[in-house]
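In: quick one: sequence and predicted model below, then my questions.
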Amino acid sequence: MADDRVFIKCKFCGGWKMLLKHFKHEGPKTRDNGVLEWLDSHAKCNPKISCSTLDGEVGFTLHTESEKLDMEKKNYRGR
């Protein structure tokens with residue numbers, strides 16, 4: 001069982017997905033969980049997506065298990 005987990009969250013719609021599990025004695029472990037497809041689906045959430053630049057607004061934040069995330073938004077696909 002993981003000691004902690006890291007999640008990525010869309011700033012605009014609140015959807016989130018697990019990026020990796022952290023194990024005390026092994027460190028971080030990742031696996032193919034479809035995160036690239038998830039990122040593609042959330043690119044459209046950013047209102048600056050059709051602009052020439054994102055002006056520093058990536059649109060995503062990173063979180064750990066200690067933070068409360070809306071369970072209804074787990075693996076939620078963007079617009």
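Out: Good, I have the coordinates. Numbering: from 1, shown residues only.
In: alpha carbons only for contacts and neighbour counts from here, please
Out: Will do.
In: low-confidence ranges in this protein?
Out: 79 (pLDDT under 70).
In: quick one: the strands in it?
Out: Assigned strands in the chain, in chain order: 4-10, 16-23, 27-29, 60-64 (criterion: DSSP state E).
In: with distance to residue 43 as added columns, please give those in a markdown table.
Out: Listed next are these as a markdown table, based on distance: least, C-alpha to C-alpha, whole Å:
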| stretch | distance to residue 43 |
| --- | --- |
| strand 4-10 | 9 |
| strand 16-23 | 13 |
| strand 27-29 | 25 |
| strand 60-64 | 10 |
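In: how about those strands in TSV, adding mean neighbour count and distance to residue 38?
Out: Formatted as TSV, the strands of the chain follow (neighbours: other C-alpha atoms under 10 Å; distance: least, C-alpha to C-alpha, whole Å):
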stretch	mean neighbour count	distance to residue 38
strand 4-10	19	10
strand 16-23	20	8
strand 27-29	13	19
strand 60-64	15	12
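In: wait, which of those strands is closest to residue 75?
Out: strand 16-23 (5.1 Å; C-alpha to C-alpha).
In: elements contacting the closest one?
Out: Judged by 3 or more C-alpha pairs under 8 Å, 6 or more residues apart in numbering; DSSP states H and E, the packing partners of strand 16-23 are strand 4-10, strand 27-29, helix 35-43.
In: turn these into JSON lines, columns for distance to residue 63.
Out: As requested, the helices and strands packed on strand 16-23 are exported to JSON lines (distance: least, C-alpha to C-alpha, whole Å):
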{"stretch": "strand 4-10", "distance to residue 63": "5"}
{"stretch": "strand 27-29", "distance to residue 63": "14"}
{"stretch": "helix 35-43", "distance to residue 63": "15"}
